[in-house]
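K.L.:
Sequence first, then the predicted structure:
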Amino acid sequence: MNASGKVYPEIEVKVSPDISGEIVNLFVEEGDSVKKGQLLAKIYADIYTSQRDQVSASVNQVKAQYENVKANLSGLKTVYENAKATNERYKKLFADKIVSRSEYEQTEQAFRSAESNYNGAKESIKSGEAQIQGVRAQLARAEKDLARTSILAPMDGIVSSMSVKKGERVVGTAQMAGTEMMRVADMKSIEDQYLMFPTAGVHDDLIDSLAYVDQLAVTAYAQDYEEDDWEAVDDIAGY
C-alpha cells in the first residue's frame, strides 16, 4: 500500500527582530541558501545611530570632567597639607602668645577650606568613576541596539518561508512575541511525516475504501475453497 505525505525539516527556526522598525533591506528570498551569521535584512537604524552618538558624547563629557578633577586633586592635596601645617604652627604660636587670636583663626579658616576642597575633589572622583561606568553601560546598550538592526541567519540552512516585504514595519521581541519575518530550515536532516491512520474503530473515507478492497480480496480467495466456511474480517476497519 502506498501513502501520500509531506517532507518536513526536522529543525526550522523562526527569525524575528529584537527591535521594532521599518525593513529597509531584504537580502534573501524564499528558497535561498544561507550561512550562520549571514545578513538577512536591515531595519531602519537612524534613531539607534542617533542614540548611540548621544550616549557616546555623554561618555566623553563625563570622562573629561573626571580627568579634570583628577588632575586638580594633586594641587588641592598640596594646598591642604600646607594649610594644615601652617594651622598647627600658628596654634602653637597662639598658645605661646606669640600671635594674636585673629591671626590663628585666619589659618584655621584657611585649613578648613583647603580640607573641604580636597575632600570634595576625592568624592567627585568617586562619583565620576560611577558616572563613567553608568554611561559606558548606556553606550553598550546603544551599541547593542544598533547591532540588532541587522538581522542575521541563526544557522546554516534554507529560507523556507518569507513573511515580510521591504518597507513593512516589524515589532521587536521586546514587545510581545515580535513579528515573524522568515524561517530558516536545516535541510540536512529531514523528518518524513507520513499520513497517519486513525486508531481502531475510527473510520474515514480512505480507511473505509481500503477495508472494502481488502474484503473483496478475501471474499474472492475464500470462494475458491469452502464457500460456506469463510468469514471476511478486516482488522483495520473493524468489521
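P.N.:
Sure thing, it's come through. Numbering: from 1, shown residues only.
K.L.:
Lowest average confidence across helices and strands of the protein, where is it?
P.N.:
helix 205-223 (a mean of 47; mean pLDDT, DSSP states H and E).
K.L.:
Centre of the chain to the longest helix along the chain, how far?
P.N.:
Longest helix in the chain, counting residues (DSSP state H): helix 46-95. Distance of helix 46-95 from the chain centroid (CA atoms, centre = their mean, to the nearest Å) equals 38 Å.
K.L.:
Using PDB, list the CA coordinates for stretch 68-75.
P.N.:
Provided in PDB are the C-alpha atoms of stretch 68-75 (Å, rounded to 0.1, in the frame of the first residue of the first chain):
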ATOM      1  CA  ASN A  68      40.000  67.400  35.100                       C
ATOM      2  CA  VAL A  69      39.100  66.800  38.700                       C
ATOM      3  CA  LYS A  70      41.700  64.100  39.000                       C
ATOM      4  CA  ALA A  71      44.300  66.400  37.600                       C
ATOM      5  CA  ASN A  72      43.400  69.100  40.200                       C
ATOM      6  CA  LEU A  73      43.500  66.600  43.100                       C
ATOM      7  CA  SER A  74      47.200  66.700  43.400                       C
ATOM      8  CA  GLY A  75      47.300  70.500  43.700                       C
END
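K.L.:
Make 637 the first number, not 1, from now on.
P.N.:
That works, and once the first residue is 637, the last one we named lands at stretch 704-711.
K.L.:
hmm, who's touching it?
P.N.:
Identification of contacts with stretch 704-711 by CB atoms under 8 Å, 6 or more residues apart in numbering yields 754, 757-758, 760-761, 764. Glycine gets a C-beta too; all of them are placed from N, C-alpha and C.
K.L.:
Give me the buried subset of these.
P.N.:
Neighbour-count burial (16 or more other CB atoms under 10 Å) is assigned, among these, to 754, 757, 760-761, 764.
K.L.:
Need the max-distance pair from the residues you listed.
P.N.:
Greatest spatial distance among these (CB to CB): 754 and 764, at 15.6 Å.
K.L.:
tell me which residues in stretch 704-716 are buried?
P.N.:
So stretch 704-716, judged by 16+ other CB under 10 Å, has buried residues 705, 709, 712, 715-716.
K.L.:
Let me have those in TSV, extended by pLDDT and distance to residue 747.
P.N.:
Formatted as TSV, the buried residues of stretch 704-716 follow (pLDDT from 0 to 100; distance: CB to CB, whole Å):
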residue	pLDDT	distance to residue 747
705	87	21
709	91	18
712	93	13
715	94	10
716	94	8
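K.L.:
Now that residue 659 has come up, it's in contact with residue 678, right?
P.N.:
Yes - using CB atoms under 8 Å, residue 659 makes contact with residue 678 at a distance of 7.4 Å.
K.L.:
Show me what the helix or strand containing residue 797 packs onto, helices and strands only.
P.N.:
Taking DSSP states H and E as the criterion, residue 797 maps to strand 793-798. Judged by 3 or more CB pairs under 8 Å, 6 or more residues apart in numbering; DSSP states H and E, strand 793-798 is in contact with strand 641-651, strand 669-670, strand 818-830.
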